[in-house]
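**Student:** Predicted model and sequence follow; I will ask about them next.
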Amino acid sequence: MALVFLKALCHVNLIHPEPLELILISMAAENDYVGVSSGKLDQSCEVYSKKNHLLYLDTKTDQYELIPTHPDMKPYRIAIFFSGIERTLAGSKFNMRIDEARSAAYALMAYAGMEYGKFGEANLRAVPREVYEQYKERLPETWRRRAKHWYTEFDRVEQGAEAWRKGDIETYGRLSFESGKSSICNWETGSPELKTLYDIMCHTEGIYGGRFSGAGFKGCCMALIDPAYESAITRQVTKEYLAAFPQLEGKYSVHICDSADGLM
């Protein structure tokens, strides 16, 4: 929403910011005004995305690649399962998870004798994997799980990009499911509604893979599906979810869509 408003504001005032400027201004609005310690992932997706491409992004260097859908990849569409519960990160445990990950990074750098600066600038990207492996048992269990999620998620992103490049949607889907499981077990996020949707998706035929959107504090689950199973998936997920949360009938919804170009 912030990016749409910002883009419209620039348009009516004949201002032409660079894509990265749009991303950073929008992120600053979330960080400094809304109070959410978010990064630039969502904003970058909204700006750089291109139809029928996978956005492979390095948020540290701001380098990105648009990987086209392989011509031999099996057909797919995107399913969005809205839990019926509005998502909000402000006031959730999202900021706490960021602080826990920073704490893990700060401690690991101290154990390894690495130079470190302000706490707010600490991040696990600055801590080599071998440092984490060597000193992880010294971390409090909570911090260790946060770090485990971060390092394994980094691996999944690398493997997922390679799978997409090869047109291997089954592997990409499996990695998406594994990402969702780690978010629940190691990052410890996900509302009861989204955890239920995730579990239903995992055993529904025709879903290649998926997870809850973002940190999982309410909102949506997203999945890549085989279009041949579209109707069956919609029926099964809806039936099982509303059996678990009948009070959300009329609020829960399913949306099947395709990828699209971003703002730029």
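**Tutor:** Yes, it's here. Everything quoted here is computed from the prediction, not taken from an experiment.

**Student:** Which residue, other than its chain neighbours, is closest to Thr69?
**Tutor:** Asn52 (4.7 Å; C-beta to C-beta, 6 or more residues apart in numbering). (Each C-beta comes from the backbone N, C-alpha and C, glycine too.)

**Student:** Let me fix that, I meant to ask about Ser176.
**Tutor:** Per C-beta to C-beta, 6+ apart, closest to Ser176 is Gly209, 3.5 Å.

**Student:** For my notes, confirm the one you found occurs in a helix.
**Tutor:** No: per DSSP: H, G, I helix; E, B strand; the rest coil, Gly209 lies outside any helix segment and is strand.

**Student:** I figured it hits Trp164, correct?
**Tutor:** No: using C-beta atoms under 8 Å, Gly209 is not in contact with Trp164; the gap is 11.7 Å.

**Student:** Report the set of residues contacting both of these two.
**Tutor:** Counting by C-beta atoms under 8 Å, 6 or more residues apart in numbering, the residues touching both Gly209 and Trp164 are Tyr172.

**Student:** Quick check: mean pLDDT of the helix ranked longest in the chain?
**Tutor:** In the chain, taking DSSP state H as the definition, the longest helix is helix 141-166. Helix 141-166 shows an average pLDDT of 98 in the prediction.

**Student:** just how off-centre is it within its chain?
**Tutor:** 11 Å (C-alpha atoms, centre = their mean, to the nearest Å).

**Student:** my read: Tyr76 touches Tyr229, true?
**Tutor:** No: look at Tyr76 against Tyr229 with C-beta under 8 Å: they stay out of range, at 10.8 Å.

**Student:** From start to finish, how long is stretch 80-97 in a straight line?
**Tutor:** 25 Å (C-alpha to C-alpha, to the nearest Å).

**Student:** now it: mean pLDDT?
**Tutor:** Mean pLDDT, computed over stretch 80-97, is 77.

**Student:** can you pull the buried residues of stretch 23-35?
**Tutor:** Ile23, Ser26, Met27, Ala29, Glu30 (16 or more other C-beta atoms under 10 Å).

**Student:** Does the helix or strand hosting the third one pack against any helices or strands, and if so which?
**Tutor:** If I follow you right, that is Met27. Here Met27, judged by DSSP states H and E, is contained in helix 19-28. Judged by 3 or more C-beta pairs under 8 Å, 6 or more residues apart in numbering; DSSP states H and E, helix 19-28 is in contact with helix 2-12, helix 41-48.

**Student:** Give me the mean pLDDT for stretch 254-264.
**Tutor:** On average, stretch 254-264 scores 92.

**Student:** Please read the previous query as pertaining to stretch 17-24.
**Tutor:** The model assigns stretch 17-24 a mean pLDDT of 90.

**Student:** ok, and for it, which residues are buried?
**Tutor:** Pro19, Leu22, Ile23.
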